[in-house]
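>>> Mind looking at a prediction? Sequence and model below.
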Amino acid sequence: MYGLSKHDLEFINKKIQYQKDFLLDNSFTTSSGQVKTLLDVSFSANHSERYYAQLTNKINTMTEYSKDFDLSPSFLTMTLDGFYRDLLRGDYTRFDKFSVEKKEEIMKSIPDNDKYGFLRQKILDREKFTINDLYKILSYQFGKFTASYPFIKMRKQGFKFMYIRTVEPHKKDGVPHFHVMLYINKRFFESVREVFNKNFPAPQNEKEGFVTDIYNPAGYILKYITKSFTDVKHGNDLDYIQVWFIKHRIMRCVTSKNTIPQWIYQKCYSLESDWYYLTDFIYNEDKFCEWSYKDDYFHFIDLESSREIHYEQGVISLIRDDKVLKTFGSKKEKIVSVARKLVFKRNKQKVKRYVDVIIDGEQFLLIDGSLVQHKRQPHEMGNYELINYFRTLDIKIVQLDHYRITHKLMCERGLIKDQLQYVSQLENSMRYFSAWDTQLLDSIEAEGVF
């Protein structure tokens, strides 16, 4: 089920139980003298009851504010083409049957960068794909979709847009697809629909991919999100769909950027757990707010009720009429890290990989979605072609390694005598002289290398 085995189910359940035991076994004492475990303050989707409450609060707030911004909901289903399922097995049969134009189009829709991974390179290397790779491809395509012309036009005209995105695996093999609640102004429905159909042409998307007649958008998207949640309250074991998210390291829900950052919400949860109230500080003239993630600081002032929430470097306070009512936490020393983050990048330019394509009898290479005429290497040539190519090599300008390889191939095929010692002499002479020894070159030619 979902491409998982019984072993996966048992292993992940044990892993989650070990994590829970660790959180329960580690405790601390608050500034007010309360003893709390790490589980009490956790916001983990796999351990905390507060995670679902927080997410529901966030989605309801986004839905309510969409009305204030004159945005209407549309529900999108984004599915990958069927051939991606084959790539999980390393089967490229269907992919190879596509036309050159189709292959070029596919390659452009596959990421090849640090953020999403070098997945084009995986195709060129004919490697197996993982579930997480398919998730990254969908995320990359979704990013291109929200960066398309209709969304650029929205920003230029001063319109906002918001989205709530969740993932659902195919019941048989676990291939992911997206469900997205997109809030946009109605005047952009048709232009966004056109871009959606162009970017997600799978047959399933045409039938139910873009729905605009939605009565309860928050409940509509939560119906899909709740499938992935663990019954933390009753301590039930994880089922296959929850194990799928954990094993493949896939986020249950992703939203567009909020006006109030999530780190603020989580820090002031003990004093103010209503996301809508915090968001209202941005748009209400009777309220003031400021924050800085870098300085670990935020301050909210409700002028109408004289209520303030102040946080700075680990200490959060509730203030009313300049009187501190509650204080939690302890002052943290600001740590200046001198450690450098090491980033390892896969340099795809050092080793080039290609897909061979034959058009009208001529061989081409498909490189990053572009066709380049293939230059045959010595080992691909027949004897007659190899002899003619070898005669064209100018040892004064050709790379020595290439000359040695070509010469060795000639010797192996019995086309010339074994004279490799002369090439070794040439290599040694280059270590001591900045210019070529023309006498040595003449001696090599005289011995019958050419």
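Thanks, I have it.
>>> ok, residues contacting the host helix or strand of residue 8?
Residue 8 is located in helix 6-25, with elements delineated by DSSP states H and E. Residues from elsewhere that reach helix 6-25 (CB atoms under 8 Å, 6 or more residues apart in numbering): 37-39, 42, 46-47, 237-240, 243, 246-247. Where C-beta positions appear, they are placed from N, C-alpha and C, glycine not excepted.
>>> which of those residues has the most neighbours?
Within these, most neighbours by other CB atoms under 10 Å means residue 243, with 23 neighbours.
>>> OK, contacts around that residue?
For residue 243, the residues meeting the contact criterion (CB under 8 Å, 6+ apart) are 2, 4, 8-9, 12-13.
>>> Can you pick out the most distant pair from the contacts of helix 6-25?
37 and 240 (29.2 Å; CB to CB).
>>> hang on, the earlier thing: could you find the lowest-pLDDT member of the contacts of helix 6-25?
The member of these with the lowest model confidence is residue 237, at 74 (criterion: pLDDT).
>>> Check whether that residue sits in a helix, strand or coil.
Classification of residue 237 by DSSP: H, G, I helix; E, B strand; the rest coil places it in coil.
>>> Now do the contacts for it.
If you count contacts by CB under 8 Å, 6+ apart, residue 237 has them with residue 13.
>>> how far out from the middle of the chain is the host helix or strand of residue 220?
In the assignment (DSSP H and E), residue 220 maps to helix 217-225. Computed by CA atoms, centre = their mean, to the nearest Å, the separation of helix 217-225 from the middle of its chain amounts to 24 Å.
>>> now swap in stretch 117-124 and tell me
Stretch 117-124 has its C-alpha centroid displaced from the chain centroid by 13 Å (CA atoms, centre = their mean).
>>> Send over the helix holding residue 8 as PDB, restricted to the C-alpha atoms.
Output of helix 6-25 as PDB, limited to C-alpha atoms (Å, rounded to 0.1, in the frame of the first residue of the first chain):
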ATOM      1  CA  LYS A   6       5.100  -4.100   6.300                       C
ATOM      2  CA  HIS A   7       8.700  -3.700   7.300                       C
ATOM      3  CA  ASP A   8       8.500   0.100   6.600                       C
ATOM      4  CA  LEU A   9       5.300   0.400   8.700                       C
ATOM      5  CA  GLU A  10       6.900  -1.400  11.700                       C
ATOM      6  CA  PHE A  11      10.300   0.400  11.400                       C
ATOM      7  CA  ILE A  12       8.700   3.900  11.300                       C
ATOM      8  CA  ASN A  13       6.400   3.200  14.200                       C
ATOM      9  CA  LYS A  14       9.400   2.100  16.300                       C
ATOM     10  CA  LYS A  15      11.300   5.200  15.300                       C
ATOM     11  CA  ILE A  16       8.400   7.500  16.200                       C
ATOM     12  CA  GLN A  17       8.000   5.800  19.600                       C
ATOM     13  CA  TYR A  18      11.800   6.200  20.300                       C
ATOM     14  CA  GLN A  19      11.400   9.900  19.600                       C
ATOM     15  CA  LYS A  20       8.400  10.200  21.900                       C
ATOM     16  CA  ASP A  21      10.200   8.400  24.700                       C
ATOM     17  CA  PHE A  22      13.200  10.800  24.300                       C
ATOM     18  CA  LEU A  23      10.900  13.900  24.500                       C
ATOM     19  CA  LEU A  24       9.200  12.500  27.600                       C
ATOM     20  CA  ASP A  25      12.400  11.600  29.400                       C
END
